[in-house]
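Chemist: The amino acid sequence is not available; the structure is as follows:
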C-alpha cells in the first residue's frame, strides 16, 4: 500500500491551497483517512481526520478554515486549506488506516511522503 500526497507549495497569508492524497495497492477497505502536520522543531500533530463512519474531526487551530473530504471511489482524501496563516507552515502528511484483506487483523496505519506548505506573511 502506498499513499501519494501532492498539492503543497508557497503561498501568501490569506490564500488557499488544496492537498490531495491517493492510496493505492492492496486495499480491501480504508477505515480512516486524515492529515497531520509537522512544523520545524515541533511534534507531528493532527490536522483533520475523516473516518468511514462518524464525523470529521479538526484541530482547533484549523476549524472554520480547513475542510477535509474523501472520494471513496478514488481512495483519495483532500484537504482544502483557506485563509492560510504563517503558523500553518509545515510538512503535511496524509495517513490512512487500511485493511488489506478480509482476514482478521489486517488493518495497519500507512503514511504518505509529506508535502511542504509554506505560508509567507
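Modeler: Yes, it's here. Computed from a predicted model, the values in this text were never measured in an experiment.

Chemist: Could you use CA atoms for every contact and neighbour count after this?
Modeler: Will do.

Chemist: Can you show me the strands along the protein?
Modeler: 2-6, 9-12, 17-24, 29-38, 45-51, 57-58, 66-71, 76-81, 90-99, 107-111, 115-120 (DSSP state E).

Chemist: Relative to the fourth one, what are the paired strands and their orientations?
Modeler: Using DSSP bridges, the neighbouring strands of strand 29-38 in the sheet come out as strand 45-51 (antiparallel), strand 90-99 (antiparallel).

Chemist: Equivalent analysis for the second one, please.
Modeler: The strands beside strand 9-12 in its sheet (DSSP bridges) come out as strand 115-120 (parallel).

Chemist: Give me the contact list for the partner strand.
Modeler: For strand 115-120, the surrounding residues in contact (Cα atoms under 8 Å, 6 or more residues apart in numbering) are 5-13, 84-93.

Chemist: And these, which of them are buried?
Modeler: Neighbour-count burial (16 or more other Cα atoms under 10 Å) applied to the contacts of strand 115-120 gives 5-6, 8, 11, 13, 84-85, 88-93.

Chemist: gap between the two ends of stretch 81-97?
Modeler: 23 Å (Cα to Cα, to the nearest Å).

Chemist: So what's the model's average confidence on that stretch?
Modeler: Taken as a whole, stretch 81-97 carries a mean pLDDT of 98.

Chemist: Give me the pLDDT for residue 33.
Modeler: So residue 33 comes in at 97 (pLDDT).

Chemist: is it true that it touches residue 94?
Modeler: Yes. Using Cα atoms under 8 Å, residue 33 makes contact with residue 94 at a distance of 7.3 Å.

Chemist: need the contact list for the closest residue to residue 80 other than its chain neighbours.
Modeler: Of all residues not flanking residue 80 in the chain, residue 18 sits nearest, at 4.5 Å (Cα to Cα, 6 or more residues apart in numbering). Each residue near residue 18 by Cα under 8 Å, 6+ apart is listed here: 7, 8, 78, 79, 80, 81.
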